[in-house]
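*Asks:* Build me a model from this:
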Amino acid sequence: MEYEPDQEEPVSAAVVHAVSTFEQRDPTALPPLHDTVDPDALDALFAPTGGGAEQRSCVSFTFSASFVTVDADGRVTVVPDAAPAAEPACQ
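*Replies:* Below you'll find the predicted structure:
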């Protein structure tokens with residue numbers, strides 16, 4: 001499943017939203033994101049840079065029962081954690 005956050009949505013919130021949608025669970029039923037990854041660091045990694053410089057980053061991690069990849073453009077891809085062959089690669 002791919003999730004495109006709006007421009008005002010922090011990446012950390014987009015991850016929680018995407019995983020809760022994918023797993024069909026209320027976001028409050030998920031484990032805390034900070035137990036897996038530092039939400040502030042995740043947001044900073046994908047924050048817009050000043051001066052129009054394009055930032056290229058990609059990060060993947062397991063959260064709840066899902067494997068999550070956040071691409072350079074902030075797109076969140078979620079697949080089952082039990083399906084390593086389906087893990088999206090950072091581009």
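*Asks:* Doesn't Ala44 lie inside a strand?
*Replies:* No. Applying DSSP: H, G, I helix; E, B strand; the rest coil, one finds Ala44 to be helix, outside a strand.
*Asks:* Per-residue confidence, it, what does it come out as?
*Replies:* If you check Ala44, the pLDDT there is 91.
*Asks:* Next: Cys58.
*Replies:* At Cys58, pLDDT is 89.
*Asks:* How much space separates it from Glu4?
*Replies:* 16 Å (Cβ to Cβ, to the nearest Å). In short, each C-beta sits where N, CA and C put it, glycine included.
*Asks:* For the spatially most central residue of the chain, give its distance to Val79.
*Replies:* Geometric centre of the chain, nearest residue: Val15, 3.8 Å, by Cα atoms, centre = their mean. Distance of Val15 to Val79, given as Cβ to Cβ: 13 Å.
*Asks:* next one: Ala65
*Replies:* 11 Å.
*Asks:* the more surrounded of the two?
*Replies:* Taking other Cβ atoms under 10 Å, Ala65 and Val79 do not tie; Val79 has more neighbours (17 against 14).
*Asks:* got the contact list for the helix ranked longest in the chain?
*Replies:* Counting by DSSP state H, the longest helix found in the chain is helix 11-23. Residues outside helix 11-23 that contact it (Cβ atoms under 8 Å, 6 or more residues apart in numbering): 1, 3, 5, 9, 26-27, 29-30, 33, 39-40, 42-43, 45-46, 63-66, 68, 70, 74, 76, 78.
*Asks:* low-confidence ranges in the chain?
*Replies:* 49-56, 83-91 (pLDDT under 70).
*Asks:* One more pass at 90, please.
*Replies:* 6-8, 45-58, 72-74, 81-91 (pLDDT under 90).
*Asks:* Helices of that one, start to end?
*Replies:* 11-23, 39-45.
*Asks:* For this structure, which segments count as strands?
*Replies:* In the chain, strands defined by DSSP state E lie at 2-3, 59-63, 66-70, 76-80, listed in chain order.
*Asks:* Reformat those as TSV; add distance to Val19.
*Replies:* Converted to TSV, the strands of the chain look like this (distance: least, Cβ to Cβ, whole Å):
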stretch	distance to Val19
strand 2-3	9
strand 59-63	6
strand 66-70	5
strand 76-80	6
